[in-house]
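Undergrad: generate coordinates for the sequence data below:
(chains A and B)
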Amino acid sequence: NAGVTQTPKFQVLKTGQSMTLQCAQDMNHNSMYWYRQDPGMGLRLIYYSASEGTTDKGEVPNGYNVSRLNKREFSLRLESAAPSQTSVYFCASRRLSSYEQYFGPGTRLTVT
Amino acid sequence: GENVEQHPSTLSVQEGDSAVIKCTYSDSASNYFPWYKQELGKRPQLIIDIRSNVGEKKDQRIAVTLNKTAKHFSLHITETQPEDSAVYFCAAGDSGAGSYQLTFGKGTKLSVIP
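TA: Take a look at the predicted model:
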């Protein structure tokens, strides 16, 4: 059981470039989440998917898009990266009718 | 939406002393209150949680208390050890509409001095 996995671990982008962060879970969880973590700001929800086929905006969705590819995978896309998107991105998943969220190892993204 | 305030932002204690971290929340619909521990460069991991129908929960050296009326909850760590040094996040969760969203506090950096 790998749990929640994320790729890549590190990424450096130039302003205006695009990229997709990948997240997968092998725990048969229904819900998946994308957070960003900035120093002194805690974890802020970008988008979530309550179940396969649905996605909804969180607290800070601007500049991002998501795709729930199937039950296992939930990707986060930056279409035109900006320096303000420099952050550590965490994916999390949750099984049906449970609150507990399991986090992936994170992706550290730097936009120059 | 929900707003979670967490205090203090940094906390230093001597090994063996107790540490207390406090959080307040704004939305009375919130009914789940977890605490996550994050070591440097690692992912957040759940250490304890409490539901709104419970006032206190204990797990070895860690306890959480909840005051629904005042909308605040606290993490208590007794007999602190150097391995307790980490950033701790509180959160408030709401099962409304099936989303089970969590709103996190900004974190408390706990340093345990040997």
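
Undergrad: CA atoms for contacts and neighbours, from now on please.
TA: OK.

Undergrad: quick one: residues contacting the nearest residue to residue A:13 once chain neighbours are set aside.
TA: Closest residue to residue A:13 apart from its sequence neighbours, by C-alpha to C-alpha, 6 or more residues apart in numbering or on different chains: residue A:111 at 4.7 Å. Shown in contact with residue A:111 (C-alpha atoms under 8 Å, 6 or more residues apart in numbering or on different chains): A:12-15, A:81-86.

Undergrad: can you name the two of those that are farthest apart?
TA: Greatest spatial distance among the contacts of residue A:111 (C-alpha to C-alpha): A:12 and A:84, at 13.2 Å.

Undergrad: about what we covered before: got the phi and psi for the residue nearest to residue A:13?
TA: Backbone geometry at residue A:111, expressed as degrees, to the nearest 10, gives phi -110, psi 120.

Undergrad: so what pLDDT did it get?
TA: pLDDT for residue A:111: 97.

Undergrad: measure it to chain B for me?
TA: To chain B, residue A:111 is 19 Å away according to C-alpha to the nearest C-alpha, to the nearest Å.

Undergrad: give me the neighbour count for residue B:95.
TA: Number of residues near residue B:95 (other C-alpha atoms under 10 Å in any protein chain shown) recorded here: 16.

Undergrad: for the nearest residue to it once chain neighbours are set aside, which residues are in contact?
TA: The shortest distance from residue B:95 to any non-neighbouring residue, by C-alpha to C-alpha, 6+ apart, is to residue B:101 (7.0 Å). Contact analysis of residue B:101 by C-alpha under 8 Å, 6+ apart lists B:93-95.

Undergrad: and if we set it to 10 Å?
TA: For residue B:101, the contacting residues are A:33, A:45, A:48, A:50, A:58, A:99, A:101, B:2, B:30, B:32, B:91-95, by C-alpha atoms under 10 Å, 6 or more residues apart in numbering or on different chains.

Undergrad: burial of residue 35, as a residue count?
TA: In the absence of a named chain, this looks at chain A. For residue A:35, the neighbour count with other C-alpha under 10 Å is 24.

Undergrad: hm, I was asking about chain B
TA: Counted with other C-alpha under 10 Å, residues neighbouring residue B:35 total 21.

Undergrad: any idea which helix or strand comes after the strand or helix carrying residue B:75?
TA: Taking DSSP states H and E as the criterion, residue B:75 maps to strand B:72-77. For strand B:72-77, the succeeding helix or strand toward the C-terminus, using DSSP H and E, is strand B:86-94.

Undergrad: from the chain's centre, how far out does the helix or strand following that next one sit?
TA: Sequence-wise, the next helix or strand downstream of strand B:86-94 (DSSP H and E) is strand B:101-104. What separates the centre of strand B:101-104 from the centre of its chain is 12 Å, taken as C-alpha atoms, centre = their mean, to the nearest Å.

Undergrad: what do you get for stretch B:6-16?
TA: 13 Å.

Undergrad: cool, and stretch B:57-71?
TA: 9 Å.

Undergrad: show me which positions of it end up buried.
TA: Buried residues in stretch B:57-71, counted by 16 or more other C-alpha atoms under 10 Å in any protein chain shown: B:62-66, B:68.

Undergrad: equivalent analysis for stretch B:39-51, please.
TA: So stretch B:39-51, judged by 16+ other C-alpha under 10 Å, has buried residues B:43-46, B:48-51.

Undergrad: measure it end to end?
TA: Taking C-alpha to C-alpha, to the nearest Å, stretch B:39-51 runs 25 Å from one end to the other.
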